[in-house]
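Undergrad: heads up, no residue letters with this:
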């Protein structure tokens with residue numbers, strides 16, 4: 001699949017790049033995508049939810065009523081889960097939600113996500129650029145020139161660029177990340193993928209090892 005390379009003014013440079021069919025042209029695997037997205041979201045969870053059990057609630061341990069003849073449950077002290085203000089049964093405890101996925105599974109997931117974007121014609125390739133100073137207005141003008149304004153944009157750079165990052169930080173529907181940090185969730189969560197030329201080379205070298 002051939003894609004024209006644009007400059008930041010939205011004009012064609014006259015160059016074209018060939019998207020690697022082994023990355024952008026495979027049959028997407030939905031189950032692998034599900035696993036990778038599930039892992040990404042699980043890794044974001046803090047896992048700090050905690051409720052107090054019967055033994056942790058502050059209250060007297062005196063038995064409130066006799067064992068038999070009360071006409072109800074043998075509920076014991078005021079900390080019983082059946083009473084208001086008592087402990088909670090099987091409540092949440094701090095835990096780690098993360099889990100492991102094999103490297104080949106994650107690689108296939110990234111290829112599948114990129115292939116979906118290629119099928120949707122939602123990939124824009126731009127020549128490498130730099131911003132002299134962090135300025136959100138300048139980045140918004142770039143999105144207008146590329147005709148992706150108002151869409152959820154994921155911009156892939158070959159390496160960390162502080163000025164570009166700071167220029168997009170205030171934009172709710174734009175995100176910048178390096179090609180090495182690429183993951184399936186971020187690709188699927190975007191409307192359009194804007195890739196610089198060197199980022200494309202980096203993706204090729206990472207996903208075709």
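TA: Now that the structure is in, tell me what you want to look at. Everything numeric in this text was worked out from a predicted model, so none of it was measured.

Undergrad: who's in contact with stretch 97-116?
TA: In this structure, residues lying in contact with stretch 97-116 by CB atoms under 8 Å, 6 or more residues apart in numbering are 22-30, 32-33, 35-37, 39, 42-43, 45, 47, 123, 182-184, 187-188, 193, 203, 207. All C-beta spots, glycine's among them, are computed from the backbone N, C-alpha and C.

Undergrad: Identify each buried residue in that stretch, please.
TA: Of the residues in stretch 97-116, 106-116 count as buried by neighbour count, 16 or more other CB atoms under 10 Å.

Undergrad: Keep only those of those that are in helices.
TA: In helices, defined here by DSSP state H, the members of these are 106-116.

Undergrad: For those, please prepare TSV with the additional fields pLDDT.
TA: Below are those laid out as TSV (pLDDT from 0 to 100):
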residue	pLDDT
106	95
107	95
108	96
109	97
110	96
111	96
112	97
113	96
114	96
115	96
116	96
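
Undergrad: Quick one: residues contacting residue 174.
TA: Residue 174 touches 139, 143, 152-153, 155, 168, counting by CB under 8 Å, 6+ apart.

Undergrad: got it, and residue 136?
TA: Per CB under 8 Å, 6+ apart, neighbours of residue 136: 167-171.

Undergrad: Can you flag which of those belong to helices?
TA: 167-168.

Undergrad: filter the contacts of stretch 97-116 to the buried ones?
TA: Buried, going by 16+ other CB under 10 Å: 23-24, 28-29, 32-33, 35-37, 39, 123, 182-184, 187-188, 193, 203, 207, out of the contacts of stretch 97-116.

Undergrad: Tell me which helix or strand the residue of the chain most remote from its centre sits in.
TA: In the chain, residue 69 marks the outermost C-alpha relative to the chain mean, sitting 58.3 Å out by CA atoms, centre = their mean. Using DSSP states H and E, residue 69 sits in no helix or strand.

Undergrad: Since that was my last question, I'll sign off now.
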